[in-house]
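Asks: Quick one, fold the following:
(2 chains)
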Amino acid sequence: MAALPTLIILAGFTAILLSIAYLAGRQTPGQQTAEDYVVGGRKIGTVVLLLSMGATYFSTWTLLGSFGAYFREGIWFAGFAVWTIFHGLFVWMFGTRIWLIGKRYGFLTPGQMVEHYYQSRRLRVLVALVGITSLVPVMLIQVSGGARALETLTDGAVPYALGVTLATLMVGAIVLWAGFRGTAWSDLFLGVFFAAIMIFTALYVLNLVDGLALFASVSEINPALVTNPGKPGSMLELWLGLGFGAWVLPHMWQKFYSAKSADTLGKVAVATPFWNSWMMAIIPLIIGLAAVIPGVAPEVTRETSDTILPQIFAAHAPILAAFVVAGILAAAISTINSQLLSSASLVAEDIWGTLRGSPLSDGESTRVTRIVVAGLTILVFVLALTPGGAGHLVPIASLGFGLGLQLVPSALGMLYFRSITEAGAFAGLIAGVATLVLVKLGGVSIGLGGGTSGLLVNIAVTYGVSRVTTPISAASIAAYHDLFAHYMGAGVAKKSGTDEMPAETPKAV
Amino acid sequence: MQMVLRRLVGVLFCACLAITALPYLGFFAAPRFIGPFPQALAIVLAANVVLTLCVIALYPLCFRPLQQKLDSDPIEKA
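Replies: Residues are numbered from 1 along each chain as shown, chains lettered A, B, ... in the order given. Now for the predicted structure:
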């Protein structure tokens, strides 16, 4: 790949991205409240929220890994598309409830809701620790993986160190300067950028392989790719991780807090299947399977199938290959920026704020979050440049979605099941994480994947312990479940109960 | 009427999910084609179309009534 055009396109891409972040954060940083900085002042509209959620959720894995998965697994992998449709349903099932409570009590992090509902600081800290552990290593892997891909694809024109520097500098600058609004607006640009690359590539390869004759051609070359070999356990693990991960992970949870209105969330839900499923899951099906046909991606093998996209460009339109390089950077940055801001807010609000014993003031919260953003950016940068630094965290990063899944039962207690107690949620979360670690890192197997095994144990322990421990206070039930019934139920109007606040409420931001 | 429609959409949603799971449980897994699509993929795609319509139906059935309720009885910050 020619070095000069690649560097010019990367420079242009960087300039546009930083300009968008600058404009988004033009509000003087000193005037930004914690609510502005962490959840965009709860004023994010439909288009920005939709693309921000989509671009955040889909990472370099989509732009590289999912094509390879279709190439290796064939149509079996199409089940992935179904559960990305669920993201739209989850906006209604979980997102609106999170939004309602976030708006009423001014919450910035999931942990604040946990402490408020369960009246438990230990559970808040545990939820925050699990959240951070699921996000930070994944951020590091995104930076190191993206930089490595850039180095390979450009034949060293963009060396690994430059890739790491570019990614961390841009992410750090965007998040530090503009906070949530900057990440959301830059996500919009980044999402449109890599979606354009995917649509263009899909149309191009469909033209190459005579349209939908693609599947018949693949069938002649490798019939196994157009049959479904089953493997329901593997698909269940994928479904659960990809499905629940879309709402329960802290950075996605905070996106719900940021919505301007319930109507905004509704429009996001309606558009989500088109973006998450038809765009991000079905387009890779076309491109990944087309790569099986000789001549589409001549150099690709099973081992190099994660580089299908750049290989297609290298073979057919080398002049445009630099856009793929920028697209990979876009996919990485759009995921990392939200994770960075979310992790920093968890450290500031849930860890620092809780451990020091008194809630942070508005100014302190913004200041501490910014300091943590800078600290985490430097940490990720240094670790990514340390030989083997990222490698040591790969096993932890692979736990990411599985760890996120373990937050589901305690979240469901707040949103649906009033019978879940604080002790049940706490014990269940510990048991779930321990099971996940034993399965993933300890080699213990109960016949299912780590995330699913952990979730099943988590649910069983949560249920069992909740049966024999002190129920949730009536004030919490009134503040949450009666509020949901009032606004979302079938004619149950008990809003009066919402005025009964739990005795110890965390600060309302 | 609205609750009936909501339940209907819910049932349709669950049915489509169950249909989607069939090829993973050994049904419709034979290497046959329905039009240009392999049978197992055609089932997943068809279910995906219906699921997409179900999610679109959420707007008038769930989100719009919620917004109307919020307009008439705004949620206050505690």
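Asks: Smallest gap between the stretch 51-200 of chain A and chain B, at which residue?
Replies: residue A:88 (3.8 Å; CB to the nearest CB). Backbone N, C-alpha and C define where each C-beta goes, glycine included.
Asks: show me the contacts for residue A:335.
Replies: A:55-60, A:139, A:142 (CB atoms under 8 Å, 6 or more residues apart in numbering or on different chains).
Asks: Which single one of these is nearest to residue A:185?
Replies: Lowest distance from residue A:185 to the contacts of residue A:335 (CB to CB) belongs to residue A:55, with 10.9 Å.
Asks: Next, count neighbours for the closest one.
Replies: 31 (other CB atoms under 10 Å in any protein chain shown).
Asks: Show the model's pLDDT score for it.
Replies: For residue A:55, the pLDDT comes out at 85.
Asks: Correct me if wrong, but it is in a helix.
Replies: Yes - assessed by DSSP: H, G, I helix; E, B strand; the rest coil, residue A:55 belongs to a helix.
Asks: OK, contacts around it?
Replies: Going by CB under 8 Å, 6+ apart, residue A:55 touches A:187-188, A:190-191, A:194, A:330-331, A:334-335.
Asks: Let's see that with 10 Å instead.
Replies: A:62, A:183-184, A:186-195, A:275, A:280, A:330-331, A:333-335, A:337-338 (CB atoms under 10 Å, 6 or more residues apart in numbering or on different chains).
Asks: Can you report the mean pLDDT over the residues of stretch A:106-124?
Replies: 96.
Asks: And it, what's buried?
Replies: A:106-121, A:123-124 (16 or more other CB atoms under 10 Å in any protein chain shown).
Asks: I'd say residue A:198 and residue A:64 touch.
Replies: No - Residue A:198 is beyond contact range of residue A:64, at 11.6 Å (criterion: CB atoms under 10 Å).
Asks: Show me which of these two is the more surrounded one.
Replies: Per other CB under 10 Å, whichever of residue A:198 and residue A:64 has more neighbours is residue A:64, with 24 against 21.
Asks: Checking my notes, the more buried one in a helix, right?
Replies: Yes - looking at residue A:64 with three-state DSSP, it is inside a helix.
Asks: which ones are touching the closest residue to residue A:349 other than its chain neighbours?
Replies: In space, and not counting its chain neighbours, residue A:349 is closest to residue A:109: 4.8 Å by CB to CB, 6 or more residues apart in numbering or on different chains. Contacts for residue A:109 (CB under 10 Å, 6+ apart) come out as A:38-39, A:102, A:115, A:124, A:127-128, A:131, A:250, A:253-254, A:257, A:342, A:345-350, A:353, A:509.
Asks: hmm, back to that, just checking, what packs against whichever helix or strand the residue of the stretch 51-200 of chain A closest to chain B is part of?
Replies: In this assignment (DSSP states H and E), residue A:88 forms part of helix A:79-90. When contacts are defined as 3 or more CB pairs under 10 Å, 6 or more residues apart in numbering or on different chains; DSSP states H and E, helix A:79-90 packs onto helix A:46-57, helix A:66-73, helix A:232-248, helix A:250-258, helix A:262-272, helix A:283-290, helix B:2-21, helix B:39-58.
Asks: Pipe those into TSV and attach distance to residue A:408 per row.
Replies: Converted to TSV, those look like this (distance: least, CB to CB, whole Å):
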stretch	distance to residue A:408
helix A:46-57	17
helix A:66-73	24
helix A:232-248	5
helix A:250-258	12
helix A:262-272	19
helix A:283-290	27
helix B:2-21	18
helix B:39-58	21
